[in-house]
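Student: need the 3D shape of this:
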Amino acid sequence: MNLTNLKVAFYMRGETPRTINKQYLTLQQFCFHYQVPYGDVIVLKDIAKSDAPRPKLEPILNGSMKIDVLVVQSYHILHLYHDRFLQISEQLSKHDVALLILNEQAEMDFL
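Tutor: Model prediction:
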């Protein structure tokens, strides 16, 4: 995936410093692998449980913040439950936001 000239946001969510730090490491690996300057990535971080509101993600879901690509470590970051994740994915699609799930991409690269 070529991310040149695209507005990229990396979304992370978690309760503990360990969970958040792991996602920061994933962000660094993403930037290296996709050749995206770290400073060019919009970092959105919610310190919240899996079923809690996501205030940093809301502007993207309602279209008030325009980005081209939303990157997450796994679909669980958006929501623990797959049906709610699908609803969030549909909302992103309505606003022409591509969703890049790194764990799924890594599995595809492995195959």
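Student: low-confidence stretches in this protein?
Tutor: For the chain, applying pLDDT under 70 flags the ranges 105-111.
Student: what about 90?
Tutor: 1-2, 4, 48-54, 74-86, 88, 103-111 (pLDDT under 90).
Student: would you say residue 99 is within a strand?
Tutor: Yes. Secondary structure of residue 99 (DSSP: H, G, I helix; E, B strand; the rest coil): part of a strand.
Student: of all the residues in stretch 82-89, which ones are buried?
Tutor: Buried residues in stretch 82-89, counting neighbours by 16 or more other CB atoms under 10 Å, are found at 85, 88-89. Every residue, glycine included, has its C-beta placed from N, CA and C.
Student: what's the closest of the residues you listed to residue 79?
Tutor: Set against residue 79, the nearest of these by CB to CB is residue 85 (4.6 Å).
Student: the helix or strand hosting that closest one - contacts with which helices or strands?
Tutor: In this assignment (DSSP states H and E), residue 85 forms part of helix 82-94. Applying 3 or more CB pairs under 8 Å, 6 or more residues apart in numbering; DSSP states H and E, we find helix 82-94 packed against helix 58-61, helix 75-78, strand 98-101.
Student: what about the residue lying closest to residue 6 once chain neighbours are set aside, neighbour count?
Tutor: Nearest residue to residue 6, sequence neighbours excluded (CB to CB, 6 or more residues apart in numbering): residue 68, at 4.0 Å. By other CB atoms under 10 Å, the residues close to residue 68 number 13.
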